[in-house]
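Participant: take this sequence and fold it.
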Amino acid sequence: MSGKVKSFLKRKDVVFSASRYGIDALGAMAQGLFASLLIGTILSTLGEQAGIAVLVKIGGYAKAATGAAMAVAIGYALKTPQLVLFSLIAVGGAANELGGAGGPLAVYFAAIVASECGKIVSKETKIDIIVTPSVTIAVGVLFSMAFAPGIGAAASAVGHAIMWATDLQPFAMGIMVSVLVGVALTLPISSAAICAALGLTGLAGGAAVAGCCAQMIGFAVMSFRENKWGGLFAQGIGTSMLQMGNIVRNPRIWIPPTLASAVTGPIATCVFRLQMNGAAVASGMGTCGLVGQIGVYTGWINDVANGTKVAVTAWDWAGLLLICFVLPALLTLLFAMPLRAIGWIRENDLKLDL
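Facilitator: Below you'll find the predicted structure:
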């Protein structure tokens, strides 16, 4: 790449980096999903359960904006100019629709391509108000028409393969899915976006919920002596990502909650048969705002409504509470004890600046 091209791209803030695309854009996509599909699903479920028709309608409108919300969120993370940002609404709608079940992943790629192309032409002509949105929308929609069906099908196929393998081998896959998605939740990437892109539901979604909860509740409880109640709530219903700085300094603090996820995952799949049949994005949310638990409950209600489940039982509730809250806390503390005893985890290793 020539110096002039590099200089031009730098001036346009077009930065090809794993951090910008793999962390910033992916994390923003999850926020867009949360503010549309997930909130819409929650509101619709509340409306259906309480018999409030207006909530069902509000939830429906929110879910209908899923593609647009994701694309705009990605554009915001990529620091696009306003005309580009607003034009991404059309791109997101097209990519999500054409991507089918794997729509979120199609939106992710289409929004990135359209954003960067829009940034390149932005304010380069005297008719910017025509050129910039035209280029952004045309590039994004044409990209979606060409690639979104394939991207969506591939993401859906991978998701179905994971779910099929989990149904076939619930013990081994319960461990694998729980650990990997839980680790992704604590890393500065988006486990929610990954689960949404793959459409991860069913038993595999239940294992993902278990892994995320093990990380969040595990870190919250394990670090209580350093962070008290503020840290408990910040990590327990916020995010375990707060511990990433401490993990970099001492990776051994990650062992207890990760081991806990390796235990709760197969318990979820083999003992309680915990399934996430709500929105796939909730599989990667854990206890963040109790979204994972609300997603599981939404799935129960949907299953009862369509006849695949007779009723929500006490066993269901016991499994949800144990997998999401009780076992992660107890197991993480248990696994942390010998590590503290041998000095692998020291005082203030888990301290947060709250």
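Participant: quick one: pLDDT of Gln188?
Facilitator: Let me fix one detail, which is that residue 188 is Pro and not Gln. Here the pLDDT value assigned to Pro188 is 76.
Participant: check Asp349 too.
Facilitator: 93.
Participant: next one: it from Ser261, what distance?
Facilitator: Asp349 sits 20 Å away from Ser261 when distances are taken as C-beta to C-beta, to the nearest Å. Backbone N, C-alpha and C define where each C-beta goes, glycine included.
Participant: which secondary structure element of the protein has the lowest mean pLDDT?
Facilitator: Within the chain, confidence by mean pLDDT, DSSP states H and E is lowest for helix 39-50 among all helices and strands, at a mean of 82.
Participant: sec struct for Val14, please.
Facilitator: Using DSSP: H, G, I helix; E, B strand; the rest coil, the structure places Val14 in coil.
Participant: now it: closest residue in space that isn't a chain neighbour?
Facilitator: Of all residues not flanking Val14 in the chain, Glu116 sits nearest, at 5.2 Å (C-beta to C-beta, 6 or more residues apart in numbering).
Participant: kindly report the same for Ala207.
Facilitator: Counting by C-beta to C-beta, 6+ apart, the residue nearest Ala207 is Val177, at 4.0 Å.
Participant: the one you found: neighbouring residues, count only.
Facilitator: For Val177, the tally of surrounding residues (other C-beta atoms under 10 Å) stands at 32.
Participant: do I have it right that it meets Ala208?
Facilitator: Yes: contact status for Val177 versus Ala208: in contact at 5.6 Å, counting by C-beta atoms under 8 Å.
Participant: next, show the common contact partners of these two.
Facilitator: Here Val177 and Ala208 share the contacting residues Leu200, scored by C-beta atoms under 8 Å, 6 or more residues apart in numbering.
Participant: in which helix or strand does Asn348 reside?
Facilitator: For Asn348, there is no host helix or strand (DSSP states H and E).
Participant: so what's it up against?
Facilitator: So Asn348 contacts Glu226 (C-beta under 8 Å, 6+ apart).
Participant: where are the low-confidence patches of this protein?
Facilitator: Scanning the chain for pLDDT under 70 picks out 1, 354.
Participant: run the last query once more with 80
Facilitator: Applying pLDDT under 80 to the chain flags the ranges 1-3, 38, 45, 49, 101, 188-190, 354.
Participant: next, name the residue at the spatial heart of it.
Facilitator: Ala192 (0.9 Å; C-alpha atoms, centre = their mean).
Participant: does that residue count as helix, strand or coil?
Facilitator: At Ala192 the chain is in helix, as set by three-state DSSP.
Participant: got the contact list for it?
Facilitator: Residues in contact with Ala192, defined by C-beta under 8 Å, 6+ apart, are Ala30, Leu33, Phe34, Leu185, Val281, Ala282, Ser283, Gly284, Met285.
Participant: how far away is it from Gly295?
Facilitator: 10 Å.
Participant: next: Val91.
Facilitator: 27 Å.
Participant: who's more crowded, those two?
Facilitator: More neighbours surround Val91 than the other of Val91 and Gly295, with 33 against 28 (other C-beta under 10 Å).
Participant: quick check: phi and psi at the more buried one.
Facilitator: Here is the backbone geometry of Val91 (degrees, to the nearest 10): phi -60, psi -50.
Participant: hang on, isn't it packed against Pro133?
Facilitator: No: judged on C-beta under 8 Å, Val91 makes no contact with Pro133 at a distance of 10.4 Å.
Participant: measure Ala220 to Ile58 for me?
Facilitator: Counting by C-beta to C-beta - Ala220 and Ile58 are separated by 32 Å.
Participant: those two: which is more packed in?
Facilitator: Each of Ala220 and Ile58 has its neighbours counted (other C-beta under 10 Å); Ala220 has more, 27 against 17.
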